[in-house]
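Novice: dropping the sequence and predicted coords here.
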Amino acid sequence: MMQASGPSVFQILFSKARTVLRRSTQFRIDGPQRPADPPEGHRSRRRGDRHTLGSIIWLAMLRLTVTIFVAWYLKGHFGSNYTEWWGITVAAIYGIAIYPAQIQYAYFKRTSKKLIEQTLCSSCRYFNPEGLHCMQLDEHVSEFYLPCEGEGWEPKSFDDI
């Protein structure tokens, strides 16, 4: 049996995980200083740069597809040791596709909280709060852009609340 001369894949993954966990708290998601929070007042990002639920899902599916194809390609290099291949594949799927999507979704929910609670669209019956989307005009809503400019606003019924 051939023995690898360098570090194993698991050693590399664990060393990367250790460096991420050892970062200072200002760069962690749950840290007290979150540099990803939007500043008060006018945002420096443009309207088109905002993540949507669809873009988060699309990027997760794209990363998942690439990860599966790379894992399928590398399957032949592991020979008959499929237990190690399965472990690496599952870890790669979680680390490359699922975990970044969870982080992006948490950021999306945190930054869109103000939009959901304080805009005219949030009290409209056509507003979809999960995707920040106006279902009547099929457009995304932002803090600075209301698709109907208030003209197509209809209050939510008591059944919707």
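Specialist: In hand now; what should we look at? Worth saying up front: this structure is predicted, and the values here are computed from it rather than measured.
Novice: what ranges does the protein have for its helices?
Specialist: 9-21, 53-74, 82-92, 99-111, 113-118 (DSSP state H).
Novice: residues contacting the second one, please?
Specialist: So the one you mean is helix 53-74. The contact list for helix 53-74, computed with Cβ atoms under 8 Å, 6 or more residues apart in numbering, reads 85, 88-89, 92-93, 96-98, 100-101, 104-105, 108, 130-132. For glycine as for every other residue, the C-beta is placed from the backbone atoms N, C-alpha and C.
Novice: C124 is nearest to which of the helices of the chain?
Specialist: Evaluated over the helices of the chain, closeness to C124 peaks at helix 113-118, with 11.8 Å, by Cβ to Cβ.
Novice: which residues touch the closest one?
Specialist: The contact list for helix 113-118 (Cβ under 8 Å, 6+ apart) reads 121-122, 129, 132, 141-143.
Novice: just to revisit the earlier point, next, format the helices of the chain as TSV and append distance to P155.
Specialist: Compiled in TSV, the helices of the chain are given as follows (distance: least, Cβ to Cβ, whole Å):
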stretch	distance to P155
helix 9-21	46
helix 53-74	24
helix 82-92	48
helix 99-111	24
helix 113-118	16
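Novice: in TSV: those helices, plus mean neighbour count.
Specialist: What follows is those, written out as TSV (neighbours: other Cβ atoms under 10 Å):
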stretch	mean neighbour count
helix 9-21	11
helix 53-74	14
helix 82-92	14
helix 99-111	15
helix 113-118	12
